[in-house]
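Asker: The sequence and its predicted three-dimensional model are supplied below.
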Protein chains: 2
Amino acid sequence: MNLVLLLPEDLVAPDRARLTGRRLAHVREVHRAAVGDDLAVGLLGGRMGRGRVLRLDDTALELSLVLDQDPPPKLPLTLVVALPRPKVLNRVVAASASLGVARLVLVNAWKVEKAYWSSPRMAPENLREQLLLGLEQAKDTVLPELRLARLFRPFVEDELPALVGGGTGLVAHPGSAQPFPAVLAAPLTLAIGPEGGWIDAEFQSLLRAGLRPLDLGPRILRTETALAALVGRLGL
Amino acid sequence: MNLVLLLPEDLVAPDRARLTGRRLAHVREVHRAAVGDDLAVGLLGGRMGRGRVLRLDDTALELSLVLDQDPPPKLPLTLVVALPRPKVLNRVVAASASLGVARLVLVNAWKVEKAYWSSPRMAPENLREQLLLGLEQAKDTVLPELRLARLFRPFVEDELPALVGGGTGLVAHPGSAQPFPAVLAAPLTLAIGPEGGWIDAEFQSLLRAGLRPLDLGPRILRTETALAALVGRLGL
């Protein structure tokens, strides 16, 4: 937690916050903060700055706030990711938030097991928690938009073309033998398939929605590694 | 496991392998292979191809091999990574192998806790296992060189300059306000600090060893996310 992320309900006054629970425990046990210390803080969806510790004990952390910085801008990037296994879902969601993507769409695909959609990790509270952890890691306050597209075709046919808009859309697909585009026009849209890849009908639908194929070379990366490498590759 | 990685001792003949243990269990339970199926295989440090299942039961997997492809080339890249927390060590090592880096150096730093070096995960067998898992994921057969540099200064002063050689060396450092270089000369060397960053003396040592500072922007990424994003950013 590189930033203590404050929720609106933490504010007991415009310049005063009171925290309990996970963030209190983290500040006590990991930061080992003391009264008088300054912590990096940010208000969810708002500005960032410093919080001076006024009180810290086993019931609450009280901070006096100076919020004088804007959060970093979001990347003009929509990630469309085939829903990963529950085991890696948390890391994919948190990493997407850390990297600063503006929008994350978790989409169904032929090779996504149905059971993934009913994993406890798909509960809205867990998904939100992972996004918040990603923001706390990255020092950001602005949640990416998270969308769940349980049906591939309506999302890809009816919504994806508008997301791509006049920008550059790319779909990672092995063997497509397409080099990385020399020029990228924002907004960017990047689709990453499931383990085992998109089936051909899905790949063709994504192309019809305005995405261009992108060959990532011979190596098959785990979703969270591919995602970070691709966001890095975009050079945003 | 996108590739069944064969060890020299698995070969019962030049074109025949017999596997037990983890790989047998994985092929039975995850791949759910049957006699007559072809699996993607590769010989550690050697060629890749197909293995036809001749026998598969609870004691052994026997494969008839056709090894007719070269593994993908390694990236001309040395990663110098401050030893991460044990919890993320496995992912960092496996991701480095998956991404195809030629050499991974785990180095000490002021902000690396001493206990990390004596974690059970630092056992050579575990580190090798993580590298093998990364190769199996990526479909590669060639282990990266792994070096453990328990002393920062001798490594950085005496060995790092030769690794950088006539190539491009970069050290990720927040606030250095250096844009990404327009031209990268191979071999590349990339240094990634610990959580909390390099201390100034370390940063200065890395500069003297021939690395150039690289500003990654305002977001603080977890080591494994930063690593993949940076490797992607290099566009190798």
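Answerer: Nice, I can see it.
Asker: how about the residues of chain A near chain B?
Answerer: Residues of chain A lying close to chain B (Cβ under 8 Å from any Cβ of the partner chain) are A:2, A:72, A:95, A:98-100, A:137-140, A:180, A:217-222, A:224-233, A:235. Every C-beta, even on glycine, is put in place using the N, C-alpha and C of the backbone.
Asker: can you pull out the helices in chain A?
Answerer: A:21-29, A:86-99, A:124-138, A:152-154, A:160-164, A:200-208, A:223-234 (DSSP state H).
Asker: For chain B, see how far away A:Met122 is.
Answerer: For A:Met122, the distance to chain B equals 22 Å [Cβ to the nearest Cβ, to the nearest Å].
Asker: On the pLDDT front, check that residue for me.
Answerer: Looking at A:Met122, its pLDDT is 98.
Asker: Now for it, how many residues are close by?
Answerer: Summarising burial for A:Met122: neighbours were counted as other Cβ atoms under 10 Å in any protein chain shown, giving 15.
Asker: Next, the contact list for it, please.
Answerer: Taking Cβ atoms under 8 Å, 6 or more residues apart in numbering or on different chains, we find A:Met122 in contact with A:86, A:89, A:116, A:148.
Asker: and what of A:Lys139?
Answerer: Counting by Cβ under 8 Å, 6+ apart, A:Lys139 touches A:2-3, A:40, A:42, A:48, A:71-72, B:218-220.
Asker: rerun that using 7 Å as the cut-off
Answerer: A:2-3, A:40, B:218-220 (Cβ atoms under 7 Å, 6 or more residues apart in numbering or on different chains).
Asker: related to what we said a few turns ago, buried subset of the contacts of A:Met122 as a ChimeraX selection?
Answerer: Buried members of the contacts of A:Met122, defined by 16 or more other Cβ atoms under 10 Å in any protein chain shown, are picked up in ChimeraX with:
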select /A:86,89,116
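Asker: got a markdown table for the helices of chain A, with distance to A:Arg55 too?
Answerer: Output for the helices of chain A, formatted as a markdown table (distance: least, Cβ to Cβ, whole Å):
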| stretch | distance to A:Arg55 |
| --- | --- |
| helix A:21-29 | 11 |
| helix A:86-99 | 30 |
| helix A:124-138 | 21 |
| helix A:152-154 | 51 |
| helix A:160-164 | 46 |
| helix A:200-208 | 53 |
| helix A:223-234 | 38 |
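Asker: Return the most buried member of these.
Answerer: Ranked by mean neighbour count, these are led by helix A:223-234 with a mean of 25 (mean count of other Cβ atoms under 10 Å in any protein chain shown).
Asker: okay, A:Ala177: pLDDT?
Answerer: Model confidence at A:Ala177, given as pLDDT, is 68.
Asker: how about low-confidence regions in chain A?
Answerer: The model of chain A has pLDDT under 70 over residues A:177.
Asker: any chance you could map the strands in it?
Answerer: Applying DSSP state E to chain A gives strands spanning A:4-6, A:11-13, A:16-19, A:38-43, A:48-56, A:61-69, A:75-82, A:101-107, A:145-149, A:168-172, A:188-192, A:211-214.
Asker: Quickly list the domain ranges of chain A.
Answerer: For chain A, the structural domains run A:4-69, A:75-234, going by automatic domain parsing.
Asker: Adding distance to B:Thr59, write the ones you listed out as a markdown table.
Answerer: Below are the domains of chain A laid out as a markdown table (distance: least, Cβ to Cβ, whole Å):
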| stretch | distance to B:Thr59 |
| --- | --- |
| domain A:4-69 | 48 |
| domain A:75-234 | 28 |
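Asker: Can you say which of the strands of chain A is nearest to B:Leu56?
Answerer: Closest to B:Leu56 of the strands of chain A, according to Cβ to Cβ: strand A:75-82, at 29.5 Å.
Asker: Cool, thanks, signing off.
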